[in-house]
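[1] any chance you can model this:
(chains A and B)
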Amino acid sequence: MNLNATLFAQLVVFFILAWFTMKFVWPPIMKALDERAKKIADGLSAADKAKADLALAEKKVVEELKKARESATELRAGAEKQGAQLIEEARQESARIITQARQAAEAEAGVAAQRAKEALREQVAVLAVAGAERILRKEINAQVHADLLANLKQELK
Amino acid sequence: MATEHATTASDYIIHHLTFLTSKKQESLVDWSVLHLDTLFYSIALGLLAVFVLARLASRATSGVPGRFQAAVEIVIEMVDNQTKSIVHSPESRQFVAPLALTVFIWIFLMNAMDLLPVDLIPTVGSAAGIHYMRVVPTADLNATLGMSTGVLLLCLYYSVKIKGLGHWVHELFTAPFGAHPLLWPVNFAMQLIEFVAKTVSHGMRLFGNMYAGELIFMLIALMGAAWAGTVGSGLLWIGGVFAGTIWAIFHILIITLQAFIFMMLTLVYVGQAHESH
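    From the prediction side, this is the model:
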């Protein structure tokens, strides 16, 4: 427990070691620590940003899906409506064509009947004369009975 | 375990408590004497610590650290946080924080010499012709007082630097009791006592702990050395093994704690030097 010059030697060594640490040990390790802290902070903020981006993208996806579904529904409704309209139009058209055809056929039939009637009427005189001739066994001058025959023709109308 | 130089227990203890000196010390205080063993082990351990740390620092990565780097980083962050909470001047911290780190690691290593078997290095030394050697530098009052004096010088330096010489001298005479001229001598005496008490207790605390610890290791070694083939001595030997184990395990705590306390007091004293009364 004696005091001697070792004390001063130790004092000097103490400061030399502290100086050495300050110069060569402390700064590089602190620099590494700070850099790592910065890296971690950057990484964390990047992760946060990515998370936010993902949430945003998911929201967008949902929105897009909803929009697509809506437009599909709209399209289908439009198509159905158009189809119904087309069918309706076709139905009307066909009904019209049928009516027209029926009318034409009726008209034609009427005309044909009239023509047949006319033809028959034309023949009436001849038939009547021919019949009378048979009955009378002599020729009848049609010219003589023209008025009579014309009357008959009129009656047949 | 007694060496050829120590035949009795008393001789053994005295032998182990004798320093390797540059010349024989005649009085209690003799400034012409050096403790060669203390100097050798403290400088060797100090150089080992700073060079290992410097080597690590030169290849420190900011990426994923290795285990050793991570361990050192834990210590450094601890020291850095303590320094930040005690010393509020960032400029002073540039020196004080590395100083605190040095103090902590260096003293820890010097204390850890206590965990080596008490006779191992002295026996090797004896074989090499060096008959006195103490391997725990912090169990030398010169070493611990040397460091605490260093802290005192730092305190004085920062007192003058931060407060200015005039303000500091003014404070020496007016604090803690007041500025009345009659109180000046009392204040100054109190300040002197404070500085001396701080420094002496700072060094003595570490020295006392390590000296006592070393002494107990020697006593335990004596228990082991009692082995003489009888039942009683056999029991002593077993007791020595048992006590040695317990004390060494307990000492792991003590060496770390004392290193930490020395570092913390260094920071506290330097921090106080920054504050005005």
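
[2] starting at the chain centroid, how far to stretch A:31-43?
    In terms of CA atoms, centre = their mean, to the nearest Å, the centre of stretch A:31-43 is found 58 Å from the chain centre.

[3] what do you get for stretch A:125-137?
    Its chain's C-alpha centre and that of stretch A:125-137 lie 79 Å apart, by CA atoms, centre = their mean.

[4] ditto for stretch B:203-212
    7 Å.

[5] and stretch B:33-46, anywhere near chain A?
    Yes - using CB under 8 Å from any CB of the partner chain, stretch B:33-46 reaches chain A at B:33-35, B:38-39, B:42-43, B:46. To be clear about C-beta, it is placed using only N, CA and C from the backbone, and glycine gets the same treatment.

[6] filter these down to just the ones in helices.
    B:38-39, B:42-43, B:46 (DSSP state H).

[7] can you select the buried ones from those in PyMOL?
    In PyMOL, a selection of the buried entries from those looks like this (16 or more other CB atoms under 10 Å in any protein chain shown):
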select buried, chain B and resi 38+39+42+43+46
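
[8] now, which of the ones in helices among the residues of stretch B:33-46 next to chain A sits nearest A:Ala72?
    Closest approach to A:Ala72 among those (CB to CB): B:Gly46, at 80.7 Å.

[9] was I right to think the closest one contacts B:Trp106?
    Yes - taking contacts as CB atoms under 8 Å, B:Gly46 lies within contact range of B:Trp106: 5.1 Å.

[10] rebuild the residues of stretch B:33-46 next to chain A as JSON lines, extending it with distance to B:Leu101.
    Converted to JSON lines, the residues of stretch B:33-46 next to chain A look like this (distance: CB to CB, whole Å):
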{"residue": "B:Val33", "distance to B:Leu101": "31"}
{"residue": "B:Leu34", "distance to B:Leu101": "27"}
{"residue": "B:His35", "distance to B:Leu101": "26"}
{"residue": "B:Thr38", "distance to B:Leu101": "22"}
{"residue": "B:Leu39", "distance to B:Leu101": "22"}
{"residue": "B:Ser42", "distance to B:Leu101": "17"}
{"residue": "B:Ile43", "distance to B:Leu101": "18"}
{"residue": "B:Gly46", "distance to B:Leu101": "12"}
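
[11] pLDDT below threshold where in chain A?
    Along chain A, the parts satisfying pLDDT under 70 run over A:1, A:157.

[12] which positions in it make contact with chain B?
    Residues of chain A lying near chain B by CB under 8 Å from any CB: A:1-11, A:13-15, A:17-18, A:20-22, A:24-36, A:39.

[13] among the residues you listed, which are in strands?
    Among those, the members found in strands (DSSP state E) are A:3-4.

[14] buried ones among the residues of chain A next to chain B?
    Buried members of the residues of chain A next to chain B, scored by 16+ other CB under 10 Å, are A:2-7, A:9-11, A:13-14, A:17-18, A:20-22, A:24-26, A:28-30, A:32-33, A:36.

[15] dump the residue contacts of residue 31.
    Here I'm looking at chain A. By CB atoms under 8 Å, 6 or more residues apart in numbering or on different chains, the contact list for A:Lys31 reads B:60, B:62.

[16] not quite, go with chain B.
    A:4-5.

[17] check B:Val151 too.
    Applying CB under 8 Å, 6+ apart to B:Val151 gives the contacts B:199, B:202, B:265-266, B:269-270.

[18] what residues of the host helix or strand of it count as buried?
    Assigned by DSSP states H and E, B:Val151 belongs to helix B:141-163. By neighbour count on 16+ other CB under 10 Å, the buried set for helix B:141-163 is B:141-152, B:154-155, B:158-159, B:162-163.

[19] got the buried residues for the helix or strand that that helix is followed by?
    The first helix or strand that comes after helix B:141-163 along the chain, using DSSP H and E, is helix B:165-174. By 16+ other CB under 10 Å, the buried positions in helix B:165-174 come out as B:168, B:171-172, B:174.

[20] repeat for stretch B:216-234
    Of all the residues in stretch B:216-234, those buried under the rule 16+ other CB under 10 Å are B:216-226.

[21] and stretch B:80-89, by the same measure?
    B:80, B:82-83, B:86-87.

[22] try stretch A:137-146
    Per 16+ other CB under 10 Å, stretch A:137-146 contains these buried residues: A:His145.

[23] now do that stretch: distance to the chain's middle.
    Using CA atoms, centre = their mean, the offset of stretch A:137-146 from its chain centre is 82 Å.

[24] who in the stretch 51-200 of chain B is up against chain A?
    B:53-54, B:56-58, B:60-63, B:65, B:69, B:72-73, B:76-77, B:80, B:94-95, B:97-99, B:101-103, B:106, B:137, B:140-143, B:145-147, B:149-150, B:153.

[25] just the buried members of those?
    Applying 16+ other CB under 10 Å to those flags B:53-54, B:56-57, B:60, B:65, B:69, B:72-73, B:76, B:80, B:95, B:97-99, B:101-103, B:106, B:137, B:140-143, B:145-147, B:149-150 as buried.

[26] ok, now which ones touch whatever residue of chain A ends up closest to chain B?
    Ranked by CB to the nearest CB, the top residue of chain A for proximity to chain B is A:Gln10, at 3.0 Å. Applying CB under 8 Å, 6+ apart, we find A:Gln10 in contact with B:38-39, B:42, B:137, B:142-143, B:146-147.

[27] and B:Asp30, by the same measure?
    The neighbours of B:Asp30, taking CB under 8 Å, 6+ apart as the test, are A:2-4.

[28] what is the nearest of those residues to A:Glu63?
    Set against A:Glu63, the nearest of those by CB to CB is A:Leu3 (84.6 Å).

[29] surely the closest one meets B:Leu145?
    Yes - with contact defined as CB under 8 Å, A:Leu3 and B:Leu145 form a contacting pair (7.3 Å).

[30] give the next helix or strand downstream of the host helix or strand of A:Lys60.
    Using DSSP H and E, A:Lys60 sits within helix A:26-136. Where DSSP H and E defines the elements, the next helix or strand beyond helix A:26-136 is helix A:146-156.
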